[in-house]
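Peer 1: 3D model of this:
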Amino acid sequence: MNRIVAAAQKLGGPHVLVNNAGGWTPQRQYPQATPAEWAATISLNLTAPMLLSQLVLDTMREQGGGAIINIASSGGIGFESYGSPEYGAAKAGLIRFTTSLASLESSHGVRMMCVAPDWIGLSRAQAQWERMSADERAASRPLIPPAEVVSVVLNLIREGAGGTVVEMWGGDQPVVHAP
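Peer 2: Next up is the predicted model:
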C-alpha cells in the first residue's frame, strides 16, 4: 500500500482513490472456516480499504482535497442470510466506515463515498449465470453491466457528497443515500 501511494505521489497525486478489492475464501465460509480464513476475508474487504484511505488522507488534504470511493456489495445490505457471513460483515462495515467519515469533507476536503452493487456482470458472474437454471435466472435480478458501476463511480468523483452511499440493484435505478 505504501508503494501505491508513493507511486501516486510521484505523479502529483493521489487525487482519487477507488478501493475496489473484494473476495472471500474459496474453500470454507464461517462457521467452518478457520479464524485465519475469515480474518483474511475481513482484512481484504474492510481493513485494507481503511488502511489505504488513511495513507492518502494527509496528501489529499495538502493538495486541497480529493475523493475516495469504497466499493462495497449488496452482500453488506439487508437482513437476509448470506453465503459468506465474513464477506457480508466486512462489506457492511465498509458501508458504515464510509458514512461515519462524512465529516472528512469539512476537516480534510476529502469526500469519502461508497457504491454497493449487486451482482456485477464480470466473467465469473456470467459463467455462474449460465450454469443457473432458467427458473433460477428468472428469480434473480439481472447482472449489472460493469460500465454502469463505472458510470456511478465517475459521477460520485465529479459531484458526490461525502458520506453518500449508492446501492445498485440489477434492473433498477441506483438508490442514492446522501447525508
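Peer 1: can you pull out the strands in the protein?
Peer 2: Per DSSP state E, the chain carries strands over the ranges 16-19, 66-71, 110-117, 165-168, 175-177.
Peer 1: So which of the ones you listed is the most surrounded?
Peer 2: Ranked by mean neighbour count, the strands of the chain are led by strand 110-117 with a mean of 25 (mean count of other C-beta atoms under 10 Å). Where C-beta positions appear, they are placed from N, C-alpha and C, glycine not excepted.
Peer 1: can you redo the strands of the chain as TSV with mean pLDDT?
Peer 2: Shown next, in TSV, are the strands of the chain (pLDDT from 0 to 100):
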stretch	mean pLDDT
strand 16-19	97
strand 66-71	98
strand 110-117	98
strand 165-168	98
strand 175-177	97
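Peer 1: Of all these, which one is nearest Ser43?
Peer 2: strand 16-19 (13.0 Å; C-beta to C-beta).
Peer 1: So which residues make contact with the closest one?
Peer 2: The contact list for strand 16-19 (C-beta atoms under 8 Å, 6 or more residues apart in numbering) reads 48-49, 52-53, 56, 66-71, 94, 153, 157.
Peer 1: give the contact list for the residue nearest to Gln63 when sequence neighbours are not counted.
Peer 2: For Gln63, ignoring the flanking residues on the chain, the nearest one in space by C-beta to C-beta, 6 or more residues apart in numbering is His15 at 6.7 Å. Listed by C-beta under 8 Å, 6+ apart, the contact partners of His15 are 60, 63, 66-67.
Peer 1: ok so, going back, save the strands of the chain as CSV, and put in distance to Ser103 too.
Peer 2: As requested, the strands of the chain are exported to CSV (distance: least, C-beta to C-beta, whole Å):
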stretch, distance to Ser103
strand 16-19, 18
strand 66-71, 13
strand 110-117, 9
strand 165-168, 15
strand 175-177, 16
